[in-house]
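> what shape does this take:
(one chain, ligands or ions: 3)
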Amino acid sequence: MQKIIKYAEDNKVRFIDELIELLKIPSISNDPDSKPEMQNCAEWLHNQMKTIGLENVKIYQTGGHPAVYGDWLNAGKDKPTILMYGHYDVQPIDPIELWNSPPFEPVIKDNIIYGRGTTDDKGQFYIHFKSIEAHLKNKGKLPVNIKVIIEGEEEIGSPSLPKFIKDNNELLKCDYILISDTSMYDNDLPSICYGLRGLAFMQIDVTGPNADLHSGSFGGAVENPINALANIISKLKDDKGKILIDGFYDDVLDLSPQERKEFLRLPFDEEKFKKSLDVEELFGEEGYTTIERKSARPTLDCNGIWGGYQGQGAKTVLPSVAGAKVSMRLVPNQEPPKIEELFIDYVNKIAPKTVKVNVTALHSGNGSITPIDTPAVKAAMVALKKGFNIDPVFIREGGSIPIVSTFKELLGADAILLGFGLQDENAHSPDEHFDLRNFIRGICSISYYLDELADLKKYK
Ligand code: BES
Ligand code: MN
Ligand code: MN
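Ligands and ions are numbered 1, 2, ... in the order given. The predicted structure follows:
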């Protein structure tokens, strides 16, 4: 192992140069104009997988953006097979004017790399690539069998991947899935994420009169769709943070006293948290702590709202249409299709008759829980401890990686989520960045992990 760790440190500059190349490719999955860049990125990964020594490397056309696969299966039948998953697609860059450096021209300042995709997820899955390289170049072999799949549609809800997994069940068959696409609880605090939230994403369209109207001539006599929409939104949640949709909480599993106790042991400074966000007071569901609210309880948020005049100065108009995007983060055991239906029924029930209201479900995904009392998780604790010199903590994350539950369903394998990002690295936001210390410590940790996974018996 000494050799492998030294290799990672000696080759750090080259690793980062390669990562910069990857970050320069603007692989924004939701932008139809990016199609050539998605292919370009897939080809870059294809080359890179070959260079580090993977076999059977291939770009798979999925119907949507391509996925890239490679493997190394020569460790022996008695060794476990690990499927490493990551995503090369990134979020859009707007609002572009708020970036301090261009999103696809990465810069490094104080050992932090800035650019779209740095922490979510190119910088993170590249950790896996470089641990594979470190093992193969120094030992000529890997301690376990490895399969790698990097997809290009995670940020748009992985629409093509479930079918790809079904069609390629044998290709992807594995004992465990390894993902680095979450955060560490805090800097210098390596973390094992054992829970992700699910998601149901909705759109509400409200239509009033058949054209924008003069608000003097018509105002007061015709319903304003913005007012009607505001009214609907105000009834989705009460002022104690409880969601008012009938049946919403029916399938929510209560947090066990044991789990709540564990959450309380995580270091959390509420004053520092408020300060970092410039807010005077926090808001959330009554009866739950901030950690529980943001990771283990379901929630509902308006993500966007529109209607009427938004330009400079005043324009007296009674708009014809208004709309909103609403996301609900779900917890494991809540079924997105059921929640979508409850949402649609509820909004239709409370909508005033004075406007037409149309509710659409945009995309969704299941939450997931990984059992933590397993050999693979115990091995991860040891590996992270070796990589960081600190004992890791167990966390749940509020974000979603819907494919995790699909993997469980179709491959029967649990995901081990070892994230090396930080919560304040601006994922999805301007000036996204990634701490390169965690890039290097990540490479060491994953290299150790591959070794630990080779001897799971000792964790039984
Ligand atoms: N890497 C994130 C998931 C994540 C976010 C995990 C925060 C832990 C903390 C992933 O790329 C992501 O952004 N997922 C989307 C899923 C959606 C597009 C279906 C999300 O959570 O909004
Ligand atoms: Mn991600
Ligand atoms: Mn993301």
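> just the element for E271, please.
In the assignment (DSSP states H and E), E271 maps to helix 270-277.
> so which residues on this protein come close to ligand 1?
120-121, 154-155, 157, 181-183, 199, 365, 397, 399-402 (C-beta under 6 Å from any ligand atom). Heads up, the C-betas are built off the backbone N, CA and C, glycines and all.
> can I get the buried part of those as one PyMOL selection?
Buried residues within the residues of the chain next to ligand 1, by 16 or more other C-beta atoms under 10 Å, are selected in PyMOL with:
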select buried, resi 120+121+154+155+157+181+182+183+199+365+397+399+400+401+402
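> check the offset of the helix holding E271 from the chain's centre.
Averaging C-alpha positions (C-alpha atoms, centre = their mean, to the nearest Å) puts helix 270-277 23 Å from its chain's average.
> and stretch 211-227, by the same measure?
Counting by C-alpha atoms, centre = their mean, stretch 211-227 is centred 41 Å from the centre of its parent chain.
> not counting it itself, show me its contacts.
206-209, 307-308, 316-322, 352, 354-355 (C-beta atoms under 8 Å, 6 or more residues apart in numbering).
> give the buried residues for that stretch.
Applying 16+ other C-beta under 10 Å to stretch 211-227 flags D212, L213, S215, E223, N224, P225, I226, N227 as buried.
> would you reformat those residues as JSON lines and include pLDDT and distance to ligand 2?
Output for the buried residues of stretch 211-227, formatted as JSON lines (pLDDT from 0 to 100; distance: C-beta to the ion, whole Å):
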{"residue": "D212", "pLDDT": "98", "distance to ligand 2": "40"}
{"residue": "L213", "pLDDT": "98", "distance to ligand 2": "44"}
{"residue": "S215", "pLDDT": "97", "distance to ligand 2": "44"}
{"residue": "E223", "pLDDT": "98", "distance to ligand 2": "41"}
{"residue": "N224", "pLDDT": "98", "distance to ligand 2": "39"}
{"residue": "P225", "pLDDT": "98", "distance to ligand 2": "35"}
{"residue": "I226", "pLDDT": "98", "distance to ligand 2": "34"}
{"residue": "N227", "pLDDT": "98", "distance to ligand 2": "38"}
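> so what's the nearest residue to D31 once chain neighbours are set aside up against?
Leaving aside its chain neighbours, D31 sits nearest to P92 (6.5 Å; criterion: C-beta to C-beta, 6 or more residues apart in numbering). Counting by C-beta under 8 Å, 6+ apart, P92 makes contact with I28, N30, D31.
> need the buried ones from the contacts of stretch 211-227 selected in ChimeraX.
Selection of the buried residues among the contacts of stretch 211-227 in ChimeraX, burial being defined by 16+ other C-beta under 10 Å:
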select :206,207,208,209,307,308,317,318,319,320,321,322,355
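> hang on, the residue nearest to D31 is in a strand, isn't it?
No. Under DSSP: H, G, I helix; E, B strand; the rest coil, P92 falls outside any strand and is assigned coil.
> what is the burial count for whichever residue of the stretch 201-350 of the chain sits closest to ligand 2?
Nearest residue of the stretch 201-350 of the chain to ligand 2: R329, at 15.1 Å (C-beta to the ion). Here the number of neighbours of R329 (other C-beta atoms under 10 Å) works out to 22.
> let me know the pLDDT of the closest residue in space to it that isn't next to it in sequence.
The spatial neighbour of R329 that comes closest, neighbours along the chain excluded (C-beta to C-beta, 6+ apart), is R197 at 4.3 Å. pLDDT for R197: 98.
> quick check: which ranges of the stretch 301-450 of the chain have low pLDDT?
Regions of the stretch 301-450 of the chain meeting the criterion pLDDT under 70 are absent.
> measure the closest residue to ligand 1 within it to K294 for me?
For the stretch 301-450 of the chain, the residue closest to ligand 1 is G399, as judged by C-beta to the nearest ligand atom, at 2.2 Å. Using C-beta to C-beta, to the nearest Å, we find G399 at a distance of 10 Å from K294.
> contacting residues for Y194?
Y194 makes contact with I369, T370, P371, I372, V377, F394, I395, R396, L417 under the criterion C-beta under 8 Å, 6+ apart.
> ok, now with 7 Å
Applying C-beta atoms under 7 Å, 6 or more residues apart in numbering to Y194 gives the contacts I369, T370, I372, F394, R396.
> which of the residues you listed ranks first by neighbour count?
Going by other C-beta under 10 Å, R396 tops these with 25 neighbours.
> that one - that's part of a strand, no?
Yes. R396: assigned to a strand according to three-state DSSP.
> and it, bridged to which residues?
Beta-bridge partners recorded for R396 (DSSP bridges): G195.
> which residues does it contact?
When the contact criterion is C-beta under 7 Å, 6+ apart, the partners of R396 are C193, Y194, G195, S295, A296.
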